Every structure is written in structure tokens, then in C-alpha cells.
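Peer 1: output the structure for:
(chains A and B)
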Amino acid sequence: MTPAQDPRDQDIAARRKAARRTALWFAAVAVLIYLAFIMSGVVGR
Amino acid sequence: MAATTPVADHHDAHGHKQGFIERWFFSTNHKDIGTLYLGFAFLMAIVGAAFSVVIRAELAVPGLQAVSPHFFNQMTAMHALVMIFGAIMPAFVGLANWMIPLQIGAPDMALPRMNNWSFWILPFAFAMLLMTLFLPGGAPAAGWTMYPPLSLQGGANVAFSIFAIHMMGISSIMGAINVIATVLNMRAPGMDLLKMPIFAWTWLITAFLLIAVMPVLAGAVTMLLTDKFFATSFFNAAGGGDPVMYQHIFWFFGHPEVYIMILPAFGIVSEIIPTFSRKPLFGYQAMVYATAAIAFLSFIVWAHHMFTAGMPLGGEIYFMYATMLISIPTGVKIFNWITTMWRGSLTFETPMLWAIAFVLLFTIGGFSGLMLAIVPADFQYHDTYFVVAHFHYVLVTGALFAIIGAIYYWWPKWTGRMYNDAWGKFHFWWTIVFVNLLFFPQHFLGLAGMPRRIPDYNVVFADWNLVSSIGAFGMFITPFLMAFILLRSKKTGAVAPARAWEGARGLEWTVPSPAPHHTFTTPPVIRDSDLAHGDVSH
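Peer 2: Below you'll find the model as predicted:
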């Protein structure tokens, strides 16, 4: 039988999952800004 | 008292002792990584200060005596790059690592392994940057702004320094993502955003700035790299490009970068002043909104750095007035700090002295910034020592003073030891004398027309240059003095209680000193009386 998980650990795990989602979103924004500035240089020419 | 009791939680009972390598190279603990960042920043501050001593030794008297003009130019560029990206920014990230989880009741940063990675990129980035000093042709010598076409005339250092900047940028972005993910997802139940300590707030806003502008710098230097090595012409006028466009892109990063280095300093001062005034921070919400307003305005004022590069009159007027607008939210902060002290039970322990000096001297830097914002005046001041004086009052007596104040403020929490307050005050007064000898005369030199980034000058500038150099030599002693005070405290200092300062508020002061390796693995029960200086009634 699988032992029941401590609700405290479940809470932390849920928070870390949400944090990973937040991190991925912001990483995507950073990459988009980087590409957008280089593209503006390319298109501007 | 809040139930902030999980001071020696189950992780400490594992019986697993970390070896040196495991603890310091593979650590995912926010406190250890914070210590690594602060140690690295201290080392880089000494390297950057050594470069500035070379500069001031050359400038102590007119003529060329200490170093060649080319090496002098390398020193000015490297001093700035090392101090900005190696000392000030990592020091703030170190403070964020140490304090944000403790302040918001989180067990650690949200992404601990990324935290380790974002630190360990830095030593490699700076090894790469510093080794350019030993390459044929030497280190970057075109200033930290790396304006083309001058910066592209360097040799192998262009590729090395641009790769190093990319690595620093990746490190900063990962650090910023971690702060945002931590603050938004890991706060203890009951720690509403508007109950957070102001240091956590200023860092949250700083992290948004970092994510918005570090990729812009990365884009600019990537285009420099391809112009140099792949025959593109982004900034090459001969190929149809525009070198002034680089300046616009650089300063679109560069001006928010200034606020990246000062907003966390505002947060630190907003922690220290209420503690030693024994009053809550005056206008907590106004401080939060002022920080956000400054961050927003920092995006729309970049061209005040390049009035003399040429732009339409309407553009000059717009950037002049937009820049002046920043003084409104900044003024809100200055007045709120003063009002916090007003009729408080003030005491002047070492951290408070640094915080008060910050308020006074940063304001001088702010006022000279206002002078530089005035277009016709800027044509006179541009590229003179007046600009050098201005930004050193902002970044040394502003950002650096706040970092030193923070270290003296939280040191008892980190180590469990008090330091000798008399020695701390000696460090403060020594610094105050020499920092003003170093930078205040540069206002006079700049107003008299002495240009920056030159190794020689007219003899009419000799006297104030000698005074400034004496200030630099005196300042170079200060990091060693601080190291002595803190190491002595670690060995022989009095044991610090959990609440090391009588007036201190906030969750970090509810855990023992030194803070246990793991804290808040059981979320604390928040009580308003334990909160920092937030608006507990909202």
C-alpha cells in the first residue's frame, strides 16, 4: 500500500509546480524579447 | 509571537553531513548560495577597486606616468564591467537569496537547482572577461557601453567579452526568474503581497526589469558580434547600418539597468530606517507604488544619455521632461524615509549610519542627475567628470552603501554573532571622508570642462585630481577593513539573539541567529505583530 503523503509536502510540491510554470513563462518572454530586438535590426535594414 | 518554530526541522535530523565540495559547489540551499554570491561580489569589488586605483594613480598628477593610454582605457572599461556585473548586481542577488525566503516564510527559493546554476555561471563569465587582460591587444578598451565602431576595433577581446556578457545575462535572467517564481508562489499563507517586507517588493520589481532588459543587451551585443565576425552591418554605416541605433538599443537596456542597481537599495534602506527609528515605515503602499512608477519611467527616458548624439528637438524635450518626472516618485521615497525618522526613537548603530548616509548622498546624485537631464546644460556636462561624479554618487554612495548597510544589518542573523559597533562606525566615518574626497571634486572638474576617459589633462585640473586620487587610495582600504571587522566578529563577536536589533520587525527575526540551514519547511502562522513594515491593516 502506498503511504499517504504528508499534506505539507503536497502543498510544497504544488507550489513548486506552479513556480516551474511561472519560470517557463518568464523564460519564454525573455527569449522573445531577445529575438524581437535582433529581428528589429534585421527588418530595419 | 508567530508560530515560526520549525527552526531545526526534519532535514537537520537526517544525520547527513555535507562535505566542503558538496556544500559549496552543488548546494541548492538559498543561504549557501546567497553566501557564495556575496563572497563572489566581495572578490570582484576588490578587483574592480584595484582597477580604479590604477586609473586614479595615473590621474593623480598631469602627464603620463603610471600606465600607457591604451591600458588606461582598458582599466576604465574593465572597472565598470566588473563593478556593475561582478560586484553590485551579484551582491544584490546574494542578499535576495539570503533574505527573500526568510522574509516571506518560504522554505527555499522556488527553483533551487537553477539557483545553483545561475551562480556558478558567474565565475566562468568573469574568468573569461578578466583573461582578456592577458590577450594580445588587451582587454576591452571602449568603455562599458561598447559603442561601435570603436568597440569593434578591439582584437580577440571582442568575442571573449561578448560571450562573457551573454553568460552574465543568462545568470541574471535565471536569478530574476527565481525571485519572481519564489515571491509569486512560495509565500507563506497569510503573507499577502501588500504585507511583504519592502525589500522583497523592490526585488520583485527589479526582477521584472531584469527580464525585460537583459535580453535587450544580449541582442545588442549579439549584433555587435555578427558585425565583427560575420560581416553583417547592423551598426556599420559603410554597409547601410546605423551606429547610433546601437546607442538607442544599449541605453534602452542601460537606463533600467541603473534602477536594477538602485531599487533593491531602496528596499534595504526601507528596512533599516524603520528598525532604528522604532516606527513602521511611513507610507508603505506609497513606497511600493513609487518603486513601480520608477521602474515604469526607467523604460521611457533612455535617450537622455545621448542628447549630444543628435536627435530632433521634440525628442530632446520629451526625454528631458520624462527624465525629470522620475524625481517625483524618488522624492516620495526620500520624504517617506525622513518622515519615518521624524519623532522616532532614533539610535545610530552602524547599519543606520549607512542608511542615513545613503539618503543624503544618493540625493546629491539625484540632484546632479536632474542637472544632466536639462538638455542645454547636458551639452556642457556631457562626457565630463561631472557625469562621473553623478553616477558614482548614485552607485557608490547609493547602491554600495546600501549593500554595506545590509551586510551590517543582517550579519547577526547570518552568523549568530554581533560585530564591534565601534569598529563598524570607524569603517563608516573613514568611508564617508574618503568617498567624498574621491567623488565630490569631480563635480568641479567636470563643470570646469575636464573630459572623462582620458589619461592626461590640462594642469589647471591638477589640484582637484590629486584630492580625488587621495580619496581613491583611502577608499581602497575600506573592503579590507570591513573584512577584518566581520571576520573578527565571526570568531570573537558576542552571541546575537534571534531579534538582533530591538526595533527589527519581520519573519527573519523570528528564527534563531544564526538562521538554521533549513527554515520554514513548515509554513509559519503569520501574525501581524511579527510582520515587517508592511501595511498590516489593508
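
Peer 1: going forward, measure contacts between C-alpha atoms and count neighbours the same way
Peer 2: Will do.

Peer 1: please compute how far the host helix or strand of B:Val388 lies from its chain's middle.
Peer 2: Using DSSP states H and E, B:Val388 maps to helix B:385-394. Computed by CA atoms, centre = their mean, to the nearest Å, the chain-centroid distance of helix B:385-394 equals 15 Å.

Peer 1: in terms of secondary structure, what does that helix contact?
Peer 2: Packing partners of helix B:385-394 (3 or more CA pairs under 8 Å, 6 or more residues apart in numbering or on different chains; DSSP states H and E): helix B:350-373, helix B:421-447.

Peer 1: need the winner for burial among the ones you listed.
Peer 2: helix B:350-373 (a mean of 21; mean count of other CA atoms under 10 Å in any protein chain shown).

Peer 1: can you point out the buried residues in the helix or strand just after that one?
Peer 2: Following helix B:350-373 in sequence order, the next helix or strand is helix B:375-381 (DSSP H and E). Going by neighbour count (16 or more other CA atoms under 10 Å in any protein chain shown), the buried part of helix B:375-381 is B:Val375, B:Asp378, B:Gln380, B:Tyr381.

Peer 1: one more: stretch B:262-272?
Peer 2: For stretch B:262-272, the neighbour count (16+ other CA under 10 Å) marks B:Ile262, B:Leu263, B:Pro264, B:Ala265, B:Phe266, B:Gly267, B:Ile268, B:Val269, B:Ser270, B:Glu271, B:Ile272 as buried.

Peer 1: let's have the residues you listed in CSV, adding distance to B:Leu395 and secondary structure.
Peer 2: Converted to CSV, the buried residues of stretch B:262-272 look like this (distance: CA to CA, whole Å; DSSP: H, G, I helix; E, B strand; the rest coil):
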residue, distance to B:Leu395, secondary structure
B:Ile262, 7, coil
B:Leu263, 11, helix
B:Pro264, 12, helix
B:Ala265, 10, helix
B:Phe266, 12, helix
B:Gly267, 15, helix
B:Ile268, 14, helix
B:Val269, 14, helix
B:Ser270, 17, helix
B:Glu271, 19, helix
B:Ile272, 19, helix
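
Peer 1: list the contacts of B:Met320.
Peer 2: Applying CA atoms under 8 Å, 6 or more residues apart in numbering or on different chains, we find B:Met320 in contact with B:Val301, B:His304, B:Ala373, B:Ile374, B:Val375.

Peer 1: which residues does the third one contact?
Peer 2: By that I understand B:Ala373. By CA under 8 Å, 6+ apart, B:Ala373 lies in contact with B:His304, B:Met320, B:Tyr321, B:Thr323, B:Met324.

Peer 1: how about 7 Å then?
Peer 2: Contact analysis of B:Ala373 by CA atoms under 7 Å, 6 or more residues apart in numbering or on different chains lists B:His304, B:Met320, B:Thr323, B:Met324.

Peer 1: secondary structure element holding the residue nearest the centre of chain A?
Peer 2: The centroid of chain A falls nearest to A:Leu24 when counting by CA atoms, centre = their mean (1.7 Å). Assigned by DSSP H and E, A:Leu24 falls within helix A:7-44.

Peer 1: pull out the buried residues from that helix.
Peer 2: Result for helix A:7-44 [16+ other CA under 10 Å]: buried residues A:12, A:15-16, A:18-20, A:22-23, A:26-27, A:30, A:33-35, A:37-38, A:41.

Peer 1: alpha carbons of stretch B:475-487, as CSV, please.
Peer 2: Only the C-alpha atoms of stretch B:475-487 are listed here, as CSV (Å, rounded to 0.1, in the frame of the first residue of the first chain):
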residue,chain,number,x,y,z
MET,B,475,38.7,54.1,-0.2
PHE,B,476,40.8,51.1,-1.3
ILE,B,477,41.5,50.3,2.3
THR,B,478,37.8,50.0,3.2
PRO,B,479,36.9,46.5,1.9
PHE,B,480,39.9,45.1,3.8
LEU,B,481,38.7,47.0,6.9
MET,B,482,35.2,45.6,6.5
ALA,B,483,36.6,42.0,6.1
PHE,B,484,38.6,42.4,9.2
ILE,B,485,35.6,43.7,11.2
LEU,B,486,33.4,40.8,10.0
LEU,B,487,35.9,38.0,10.4
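
Peer 1: average pLDDT for that stretch, rounded please.
Peer 2: Per-residue pLDDT over stretch B:475-487 has a mean of 97.

Peer 1: stretch B:91-102 too?
Peer 2: Averaging pLDDT along stretch B:91-102 yields 97.

Peer 1: then stretch B:110-127?
Peer 2: 96.

Peer 1: got it, and stretch B:284-304?
Peer 2: The average pLDDT for stretch B:284-304 rounds to 96.

Peer 1: same thing with stretch B:30-41?
Peer 2: Stretch B:30-41 shows a mean pLDDT of 97.

Peer 1: could you export it as CSV, CA atoms only?
Peer 2: Taking Å, rounded to 0.1, in the frame of the first residue of the first chain, the C-alpha atoms of stretch B:30-41 are listed here in CSV:
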residue,chain,number,x,y,z
HIS,B,30,19.4,29.6,-0.6
LYS,B,31,21.5,30.6,2.3
ASP,B,32,24.6,28.9,1.0
ILE,B,33,24.1,30.3,-2.5
GLY,B,34,23.5,33.7,-1.0
THR,B,35,26.8,33.4,0.8
LEU,B,36,28.5,32.4,-2.5
TYR,B,37,27.1,35.4,-4.3
LEU,B,38,28.2,37.8,-1.6
GLY,B,39,31.7,36.3,-1.4
PHE,B,40,32.0,36.5,-5.2
ALA,B,41,30.7,40.1,-5.2
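
Peer 1: indicate which one of the helices and strands packed on helix B:385-394 is closest to B:Gly48.
Peer 2: Closest approach to B:Gly48 among the helices and strands packed on helix B:385-394 is made by helix B:421-447 (15.5 Å; CA to CA).
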